[in-house]
Structures are given as structure tokens and as C-alpha cells.
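Engineer: pasted the sequence and its predicted model underneath.
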Amino acid sequence: MATSPVGGRPGATATLRVNGVDRVVPLLPDRSLLYVLREELELTGTKYGCGEGECGACKVLLNGVAVRACKTPVGEAVGPPIETIEGLASSAERLHPVQKAFIEAGAFQCGFCTPGMIIAAVSLLKRLPEPTDEEIRAAMDGNICRCGGYARILEAIRNAATTAHVPSRSV
Ligand code: FES
Ligand code: FES
């Protein structure tokens, strides 16, 4: 699991805005956001892959931009809205367009990389609603799929861009 170096005063807390809800967590500023999301808030959709900032499995949206939660100290996440994979769908029946596109394209096998891929794609499409294939590849460069499903991931993001420009839920 992600390391959780000590820091901050014992008993200090902070409020994070996660998926539109205020969540109070222990404030150890150097502890990784990934640790807090998974261990304190039980939002385990965000995956722990490498813990070193190299695989992208842990990506979440911070102020609408994809960041690697394993390399983000929780102290940096106090204030801006955080959105995890659990926050993208308003309900099981109302998935985010990028989630739908991944399902329709069959863009996953084991699914471990999928939350980070979807978060990265949402971030890209917020910034560039009509990306070229090269722009998609560049944006997804830091996300590793050990199952090698890159062709379908590219197809899913391309389809999401052309079928719906729906921003992620504001938080
Ligand atoms: S777990 Fe964060 S980049 Fe791999
Ligand atoms: S679907 Fe298995 S790692 Fe990407």
C-alpha cells in the first residue's frame, strides 16, 4: 500500500471535497491522497499499481485535472474538488459517457487499469473535446495497461469524444 509518512499535529483533521461531499480525514500532510482515498474513505475504485507515479492506475481528478494520487500529498488536496471513479456516474444506470464508451468498445480485460484510464480520458476531453489520435495517445502515455488493450482504449476515447461532450459532474 502507499506509504503514509507522518507529518502534521496528532489529531489534526482536514476536510476534503470528494465526489461532491465533504469528508473529514486525519491531516497528515505528507500522506498520499491515494492512501487516504482507499484506506480512510474506502474509495477502492482508485487503484494502487506501482506507488511510484509510473502506471497511472491511481489517477483522480483534482480540480478537474487528472493527477496521480500516489504522488499527491493529501495536504495538496485540501480545498480543490476531488473526483474519483466512483463519482463519475450519477447512478449505475447513468454512467459517464466515457464509462459507457469503454464498455461499448470492450476497452478492458482485467480492468485494473480502467479507472485510471477513464479518469485520464475524462481529463483530456475536458481540456480537448475533439482530440486527434495523437493527442489521445500523448495524454494517455502515462497510463499502463498490462493486458495490452490500447487499441480498444483509443477507440473508446475517440468514440466518447464524438458521441457526447458531457463534462464530469461538478463537485
Ligand atoms: S499507483 Fe500511482 S502511478 Fe502507479
Ligand atoms: S485491462 Fe488489465 S491492465 Fe488494462
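Structural biologist: It's in. Residues are numbered from 1 along each chain as shown. Ligands and ions are numbered 1, 2, ... in the order given.
Engineer: hey, let's count contacts and neighbours off CA atoms from now on
Structural biologist: Will do.
Engineer: okay, and for the chain, where does confidence drop off?
Structural biologist: 1-10, 164-171 (pLDDT under 70).
Engineer: got the residues of it near ligand 2?
Structural biologist: 108-114, 145-147 (C-alpha under 6 Å from any ligand atom).
Engineer: element containing residue 104, please.
Structural biologist: helix 97-105 (DSSP states H and E).
Engineer: now do the buried residues in that helix.
Structural biologist: The neighbour-count check on helix 97-105 (16 or more other C-alpha atoms under 10 Å) flags 97-102, 105 as buried.
Engineer: just send these back as a markdown table, with distance to ligand 1 too.
Structural biologist: What follows is those, written out as a markdown table (distance: C-alpha to the nearest ligand atom, whole Å):
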| residue | distance to ligand 1 |
| --- | --- |
| 97 | 24 |
| 98 | 21 |
| 99 | 20 |
| 100 | 24 |
| 101 | 23 |
| 102 | 21 |
| 105 | 24 |
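Engineer: convert the C-alpha atoms of stretch 101-112 to PDB, please.
Structural biologist: Extracted in PDB, the C-alpha atoms of stretch 101-112 (Å, rounded to 0.1, in the frame of the first residue of the first chain):
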ATOM      1  CA  ALA A 101     -17.700   4.300 -24.300                       C
ATOM      2  CA  PHE A 102     -15.300   1.900 -22.600                       C
ATOM      3  CA  ILE A 103     -18.000  -0.700 -22.100                       C
ATOM      4  CA  GLU A 104     -19.200  -0.400 -25.700                       C
ATOM      5  CA  ALA A 105     -15.700  -0.700 -27.100                       C
ATOM      6  CA  GLY A 106     -14.800  -3.600 -24.700                       C
ATOM      7  CA  ALA A 107     -11.800  -1.400 -23.700                       C
ATOM      8  CA  PHE A 108     -10.800  -3.500 -20.700                       C
ATOM      9  CA  GLN A 109      -9.800  -7.100 -19.900                       C
ATOM     10  CA  CYS A 110      -8.800  -7.500 -16.200                       C
ATOM     11  CA  GLY A 111     -10.000  -3.900 -15.600                       C
ATOM     12  CA  PHE A 112      -7.200  -3.000 -13.200                       C
END
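Engineer: please, which helix or strand holds the closest residue to residue 54 other than its chain neighbours?
Structural biologist: Counting by C-alpha to C-alpha, 6 or more residues apart in numbering, residue 54 lies nearest to residue 142, which is 6.6 Å off, once chain neighbours are set aside. Here residue 142, judged by DSSP H and E, is contained in no helix and no strand.
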